[in-house]
Structures are given as structure tokens and as C-alpha cells.
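[1] Have a look at this prediction, sequence included:
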Amino acid sequence: MNEEQIKTIIEDLYDESRENTIWSMVGDFYNRRMLSMIIFLWAWALIFVAGAVYSAVLFFRNVETQSQIMYAVIFLTCCQFLGLMKIFAWQMIHRNGLKREIKRLELRIAQLNEAVKSR
């Protein structure tokens, strides 16, 4: 990438007033480029929520202790995987921020390189 391409990318994506707010991070995540990842995460999250609700209902319907233990374990496992999906989504949000910071560093290195060449 040359310097002009990096500048246009940064100027298109960078708004310093919104840089580190939670809403800017969520806005970066819910954009057109991340559509496949959003669909993937929401699909799995809905599957785990449905599994947790279903196992909770069956837990209270059963009177046998062994079945109740099984449904309680299924409920807890679904809740754990739901938390895992949220952590994965949070990491994807931070990945976008890191990419932006790396692009800014590339621009600064290019400017520094030009300054050193001119001397």
C-alpha cells in the first residue's frame, strides 16, 4: 500500500471523537463486511439459547434425579457456550480496532521514512 491509499482508508474509517466508545465498537462490528460473521454468531447463539430453555423446561418437568442432573448439565453447558460466543464477538470487535491502529502506524512509518530520506 502506498501512503495515499493508507490516508484514504484512515480518513474514511477514523472519527477521533468516537474512537473508544462502546457504540463505535458495536458500529464497527455490525457493518456489511462482517455480515457473515454476524450471521454465524447469532445462529449459534440462538441454538444455545434454545437448548438452554429446552433443557430448563425439561429439568422442571422431570421428577427423577438422574434426568434432572442431565438437564441441569445441558443447561449449564449451553450457557457456557453462549458466553463463549459473546467473548468471540468481543474479540472480533477488538480485532477491527487493532487493524485500524496498525494502518495508522503504517502511515506514521511512511511519513517518518520520507522525513529521514529528505535529510
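    Looks like it arrived, so ask away.
[2] Show me which parts of the helix or strand hosting M37 are buried, residue by residue.
    Taking DSSP states H and E as the criterion, M37 maps to helix 35-61. Buried residues in helix 35-61, counting neighbours by 16 or more other Cβ atoms under 10 Å, are found at 38, 41, 45, 48, 51-52, 55-56, 58-59. Heads up, the C-betas are built off the backbone N, CA and C, glycines and all.
[3] again, but for stretch 94-101
    96, 100.
[4] Format the buried residues of helix 35-61 as JSON lines; extra columns: distance to D28 and pLDDT.
    Converted to JSON lines, the buried residues of helix 35-61 look like this (distance: Cβ to Cβ, whole Å; pLDDT from 0 to 100):
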{"residue": "I38", "distance to D28": "12", "pLDDT": "88"}
{"residue": "L41", "distance to D28": "15", "pLDDT": "91"}
{"residue": "A45", "distance to D28": "19", "pLDDT": "94"}
{"residue": "F48", "distance to D28": "24", "pLDDT": "96"}
{"residue": "G51", "distance to D28": "30", "pLDDT": "97"}
{"residue": "A52", "distance to D28": "29", "pLDDT": "97"}
{"residue": "S55", "distance to D28": "35", "pLDDT": "97"}
{"residue": "A56", "distance to D28": "34", "pLDDT": "96"}
{"residue": "L58", "distance to D28": "39", "pLDDT": "96"}
{"residue": "F59", "distance to D28": "39", "pLDDT": "96"}
